[in-house]
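Colleague: pasting the sequence and the predicted model now:
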Amino acid sequence: MNIKKTYRDAWNTGWTAGIVALSISALGLAELFAKRNIVSGVITMGQVMVFIVPIVMAYNFTKNLSMEQRKTGPLFGAVIGATTAIPLVLLIIASTLFNIRDIFVNVSPSLIELLTFGQENAYLGGLLLLVSMALLSYLSAYTHQLPEKIKRSLFTGLITILLVGMFSEILTERIRSIFGAIFGSSVGSAIVRFLFKSKAIQSIPAIVVFAIATYVGYRKIPKTEEEKNKSKRAFIVDGKVQWKTVIPLAVLLLILPLLLGTYLSEVTNNVGIYILMGLGLNIVVGFAGLLDLGYVAFFAIGAYTMAVLTSTGPLGLFGMSFWLALPICVIVAALAGVMLGIPVLRMRGDYLAIVTLGFGEIISRLAISDMLKPYVGGAQGILQIPKPSIGSLVFTKPEVLYYVVLAGVLLALFVSWRLRDSRLGRQWMAMREDEDVAEAMGINLMKTKILAFSIGAAFSGLAGAIFASKLTSIFPHSFNVLISINVLSLIIVGGIGSLPGVIVGAAVLIGLPELLREFAEYRLLMYGLLLIVMMLAKPEGFVPSEVHKRELHATDEDFVAEAGD
Amino acid sequence: MPMLEVNDIHTYYGNIHALKGISLHVDEGEIVSLIGANGAGKTTTLRTIAGLLTPRQGEITLNGEDLIKYPAHDLVYKGIAMVPEGRGVFARLSVMENLEMGAFSRSDKGEIDANIQMVFELFPRMEERQKQVAGTLSGGEQQMLATGRALMAVPKLLLMDEPSMGLAPILVEGIFDTIEKINKEGVTILLVEQNALMALSIADRGYVLQTGEIVLHDKGEELKKNEMVQKAYLGME
């Protein structure tokens, strides 16, 4: 590949990045996030969103260059950065010439101010934007020239700063309360005043935090392959439980609500409920390879069963306790899984997806229908569902409910993990790979499919039951197809068939949006973007399962070599 | 009494009458080849015997026992294993895992390990590549793996669907040598092939299928000499 062509590629990449950056600005995302400071008075999240585009593009572009072209890599980066700025500069100039808001409603003066760094003169501001984008992209591309270890620790530092800045409001509150509780409230406030200002980290602490994070990152990065393997924290190695990893984690999980406080505990509980559903769907889709788009049905069935069994309102039948009703909810959901499983036995792929989608809709229609109104309350739902309680202790606060969710998630994780390596797990795997061959090998497809559906449904039923009791009232509108899509998305993002993937997926897709409240309107847009980017960049998910990793990288040279030993 | 007896089976795909009364038999220890053009019903016949398709009419017996009443997944316990068309290896699993899956119907760990060794002796290439992901094997190696996997079930009767499909001529010969070797170990083989010449060379007997019916049946060597077979399938004038 000659240099000229590479420059042309860089130019084209720059235009792509420019259009993305322009879209982010014109959609109003940049301005919206500009309200969230990262480093007080220096960087806002809005700026990060615009600038990250050329930076990432330049980084990726130069990563794939041939060895000889690497040396000029940073220059290509600068080209990408400068080209990215062109559409934005045009936007800035256009905004001075005519009222651009007639076309792009979101191109407000404050957006222009953000892009021009507050310069009055549009041309000067535009130039500033162009130069800074080119410079940052140059630096981003330059990181490839650094030793791998330094490069990675720098990224650790940068990401830490970003996260601390982004969530500084929550951190402020947490630090105040934790340090306040230990050293007295004046100390807590002092620490907060030192670190944060107007919901963002202060400049000097930012540098300190960056330095610490970079250093820690530098120390933590494994040098050799051997260390790399060692640093992979496994809970069980050669059949022996690794207490050194398990005990600290267990302690952390137990005291987590104390550290998190009410708001974050609530977020964690929501994430936990989605982890439960994710683990269930992971069995159906990930292990058994059956695409189920109506998974919300079992969530609804679990929730409504809990509501009907325990509610103290007019629709409650038995006034059972949460604990007594819980296993019943799980069993009812599992039976519903069998009910769905039998008619769809002969279906595969797309047909299965459509039928399950229909099943999900039927259940949510039934919940809202007049026909079942005397039993499940129609659109008014079921109210007065008691929270879980032991003796006189009622699990009202999220910090306490956390333990119920935690127990559920741990149980589901354990069951999933044991099933994956069991005989049934192998049956699912064979069925997923090739139904005919599986059958010829002596695998009873009917039994195997129905077990997948019913175990998956049971997890979702458990999630629904906890959900109902947590909210104390449920309405049919909470059980729409979006939940099925969310759960499916989270296992795809996390890595299909991977158990840690479900946790990471739920944290990213459910937890993160809760923490970025401005994000709410753009949630679906972000989902779409994230899924597209994931499929292009990391189709196996954040934490891929072993089998999947192999499939998607089977053509990578080093991988084949490794496998061929 | 023949080991496998297929008597006047009629199989349909929806309304399409694919098999119009196929009758054949396989004796213990034989290699029997089914040859015919595309769409003659060779694969359909094999899939019907394997239980993956259910005939509307006719009977299939193994050592006198009715097979049709058993679902496909029980046939492996009766001693029937299949190497499917297009090989159907589990592409994402390693060679070793594929072989282990082949022994799914069995539970004796010691015997399974002994069988794996036997497969490795038959296909030394599989031993070299036991950790490799099956999807990255070459076509010939995948065929070896699919065959080895079927043998892991320790079948009495092995059904093979187009083992030579898509393989280089030099590999095809190797595959047929192996089939003969497997047969000598005491496994009865029913083979479906487009490569009529090779299939008839190793077969004790052969059947020629045409549009869902058997039009010829004779010893392998005799069929090779048959004028119509030579013309239609062996490309000789």
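Modeller: Alright, I've got the coordinates.
Colleague: and the residue of chain A that's closest to chain B?
Modeller: Here the residue of chain A nearest chain B is residue A:442; by Cβ to the nearest Cβ that distance is 3.6 Å. To be clear about C-beta, it is placed using only N, CA and C from the backbone, and glycine gets the same treatment.
Colleague: so who does that residue touch?
Modeller: Residues in contact with residue A:442, defined by Cβ atoms under 8 Å, 6 or more residues apart in numbering or on different chains, are B:73-77, B:104-105, B:153.
Colleague: confidence score at it?
Modeller: As predicted, residue A:442 sits at a pLDDT of 90.
Colleague: what's the separation between it and residue A:45?
Modeller: Computed as Cβ to Cβ, to the nearest Å, the residue A:442 to residue A:45 distance reads 57 Å.
Colleague: go on, residue B:179?
Modeller: Distance from residue B:179 to residue A:45, by Cβ to Cβ: 67 Å.
Colleague: who has more neighbours, the two?
Modeller: residue B:179 (25 against 22; other Cβ atoms under 10 Å in any protein chain shown).
Colleague: hang on, isn't the more buried one packed against residue B:31?
Modeller: Yes - look at residue B:179 against residue B:31 with Cβ atoms under 8 Å: they come within range, at 6.9 Å.
Colleague: in a strand, the residue of chain A closest to chain B, correct?
Modeller: No - applying DSSP: H, G, I helix; E, B strand; the rest coil, one finds residue A:442 to be coil, outside a strand.
Colleague: can you report phi and psi for it?
Modeller: Per-residue torsions, residue A:442: phi 100, psi 20 (degrees, to the nearest 10).
Colleague: now the residue nearest in space to the middle of chain A: closest residue in space, sequence neighbours ignored.
Modeller: What sits nearest the mean C-alpha location of chain A, by Cα atoms, centre = their mean, is residue A:508, with 1.6 Å. Closest residue to residue A:508 apart from its sequence neighbours, by Cβ to Cβ, 6 or more residues apart in numbering or on different chains: residue A:493 at 6.1 Å.
Colleague: does the one you found count as helix, strand or coil?
Modeller: Residue A:493 - assigned by three-state DSSP - is helix.
Colleague: residues contacting it?
Modeller: The neighbourhood of residue A:493, defined by Cβ under 8 Å, 6+ apart, consists of A:501, A:504-505, A:508-509, A:530-531, A:534, A:541-542.
Colleague: and the pLDDT at it?
Modeller: Residue A:493 is given a pLDDT of 90.
Colleague: show me the strands in chain B, by range?
Modeller: In chain B, the strands defined using DSSP state E lie at B:4-13, B:16-26, B:31-36, B:57-62, B:65-66, B:80-83, B:157-161, B:188-193, B:205-210, B:213-219.
Colleague: I'd like the ones you listed as CSV, with distance to chain A and mean neighbour count appended.
Modeller: As requested, those are exported to CSV (distance: least, Cβ to the nearest Cβ, whole Å; neighbours: other Cβ atoms under 10 Å in any protein chain shown):
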stretch, distance to chain A, mean neighbour count
strand B:4-13, 14, 18
strand B:16-26, 17, 18
strand B:31-36, 18, 25
strand B:57-62, 15, 17
strand B:65-66, 17, 10
strand B:80-83, 4, 27
strand B:157-161, 9, 24
strand B:188-193, 14, 26
strand B:205-210, 21, 22
strand B:213-219, 24, 16
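Colleague: tell me the centre residue of chain B?
Modeller: residue B:160 (1.3 Å).
Colleague: just checking, that residue touches residue B:179?
Modeller: Yes - applying Cβ under 8 Å, one finds residue B:160 in contact with residue B:179, separated by 7.1 Å.
Colleague: and the gap between the closest residue to residue B:195 other than its chain neighbours and chain A?
Modeller: Leaving aside its sequence neighbours, residue B:195 sits nearest to residue B:164 (Cβ to Cβ, 6+ apart; 4.6 Å). Distance, residue B:164 to chain A, by Cβ to the nearest Cβ, to the nearest Å: 19 Å.
Colleague: still on that earlier bit, where do the contact lists of residue B:179 and residue B:31 overlap?
Modeller: B:189, B:191, B:202.
Colleague: who does residue B:25 bridge with?
Modeller: residue B:5 (DSSP bridges).
Colleague: residue ranges for the helices of chain B, please.
Modeller: If DSSP state H is used as the criterion, the helices of chain B fall at B:42-49, B:72-75, B:95-102, B:109-122, B:124-128, B:139-151, B:169-184, B:196-202, B:220-225, B:227-232.
Colleague: next, count neighbours for residue A:295.
Modeller: Residues lying near residue A:295 (other Cβ under 10 Å) number 29.
Colleague: now do the SS call for residue A:316.
Modeller: Assignment for residue A:316 (three-state DSSP): coil.
Colleague: so it sits right up against residue A:304, yeah?
Modeller: No - using Cβ under 8 Å, residue A:316 makes no contact with residue A:304, being 11.7 Å away.
Colleague: what is in contact with the two at once?
Modeller: Here residue A:316 and residue A:304 have residue A:382 as joint contacts, going by Cβ under 8 Å, 6+ apart.
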